[in-house]
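[1] got a sequence here, can you model it:
(one chain, ligands or ions: 1)
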Amino acid sequence: MLLLLGLMLLYSADCADLPCTAMPGLMKQLDAGNGELCGVTDNGNIFRWTNQNWVQLPGQMRHVTVGPAGLWAVTQDYNIYNMRDNNWVQVTGLLQQIDAGGDKFLVGTNFNDNVFCVNQDAIDSKATSLPWSSLDRTLRYYSCGPLGCWGVNSDNQTFYRYSVTPTNCLGSQWSQVDGSLVMVEAGTDGSVYGVDPEGNVYKREGICPKNPTGISWTQLDLCSRIKHVSYDAGYLYLVTQMGHVLKCALPESMAANLL
Ligand SMILES: *[C@@H]1O[C@H](CO)[C@@H](O)[C@H](O)[C@H]1NC(C)=O
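    Below is the predicted model:
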């Protein structure tokens, strides 16, 4: 408890531009979406933030996502599970990273960096056999918001996918976006954040329906090096390279006003 308090003081004490507080726990990755927050630890334990506490869920996972398409996770063996009526239900496919963002999109990348998506009707049907479509580019990380999907490849190049809709998750074409990133996350409200190889965090500025790729990256002034970022409802959730979780309130001026 003392250690926890110490950490909270450390992180909330005028750390950088953003008012950040430390959350308990050590995570490898987390995802915030649709008002929910889930995370996985280095040894594969999975947690959901409930009543101001991390509550453990069954299973051993490598990656978790929560969003308009529900709660999904992939196991150490790349199997895909969806939480339905409080039980993990396995669906078809193998992924190493998964994202349930945007307008009920479900997308992900596999161990060969192939990219897959399913349309909204398949999510709604609650089938266990999912008709995954494959995209024509290899990416290490892929994430969708209401204004399209963003990804990074193994060379840390950043890409945006145009014209992704609930009935055409494949979209139409790629556009390479400036910036060298190791991960990129599109939030439920359309805002986009990325982490670069050095652990710096960036927000994509100027995103709007007419210019969904935005204009430029603005680096956030943070005190720690970051390995993972997620954004939902005015808060940025960061996992530091040490695994600590920070929750940062974005000032009004930085919150997205897209939709
Ligand atoms: C991409 O990022 C990784 C991990 O941070 C780094 O080791 C690698 O050198 C980067 N590659 C390029 C081409 O920048």
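[2] residues of this structure that sit close to the ligand?
    Asp155, Asn156, Ser180, Val182, Pro197 (C-beta under 6 Å from any ligand atom). Just so you know, the C-beta spots here come from the backbone N, C-alpha and C atoms, and that holds for glycine as well.
[3] one more time with 5 Å
    Counting by C-beta under 5 Å from any ligand atom, the residues of the chain lying close to the ligand are Asp155, Asn156, Val182, Pro197.
[4] highest neighbour count among those?
    Among these, the one with the most neighbours (other C-beta atoms under 10 Å) is Val182, at 17 neighbours.
[5] I'd say it and Gln157 touch.
    No - with contact defined as C-beta atoms under 8 Å, Val182 does not count as touching Gln157 (10.8 Å).
[6] list the buried residues for stretch 215-231?
    Of the residues in stretch 215-231, Trp217, Leu220, Leu222, Ser224, Ile226, Lys227, His228, Val229, Ser230, Tyr231 count as buried by neighbour count, 16 or more other C-beta atoms under 10 Å.
[7] again with stretch 233-242
    Buried residues in stretch 233-242 (16+ other C-beta under 10 Å): Gly234, Tyr235, Leu236, Tyr237, Leu238, Val239, Thr240.
[8] between the buried residues of stretch 215-231, which is nearest the ligand?
    Each of the buried residues of stretch 215-231 was scored against the ligand by C-beta to the nearest ligand atom, and Lys227 proved nearest at 9.0 Å.
[9] give me the sheet partners of the helix or strand harbouring the closest one and which way each runs.
    Per DSSP states H and E, Lys227 falls inside strand 226-232. Note on strand 226-232: by DSSP bridges, its sheet partners are strand 235-240 (antiparallel).
[10] what's the strand holding Lys227 in contact with?
    27-37, 183, 185, 187-188, 191, 193-195, 199-201, 236-241, 250 (C-beta atoms under 8 Å, 6 or more residues apart in numbering).
[11] identify the residues contacting Asp196.
    Asp196 sits in contact with Asn156, Gly179, Ser180, Leu181, Val182, Tyr202, where contact means C-beta under 8 Å, 6+ apart.
[12] also Val64?
    If you count contacts by C-beta under 8 Å, 6+ apart, then Val64 has Gln29, Leu30, Asp31, Cys38, Gly39, Val40, Ile46, Leu71, Trp72, Ala73, Ile98 around it.
[13] burial count for the fifth one?
    This points to Gly39. Gly39: 28 neighbours (other C-beta under 10 Å).
[14] and the helix or strand that contains it with strand 235-240, angle?
    According to DSSP H and E, Gly39 maps onto strand 36-40. Strand 36-40 and strand 235-240 are oriented at 10 degrees to each other (axes from the mean of the first three to the mean of the last three C-alpha atoms, to 10 degrees).
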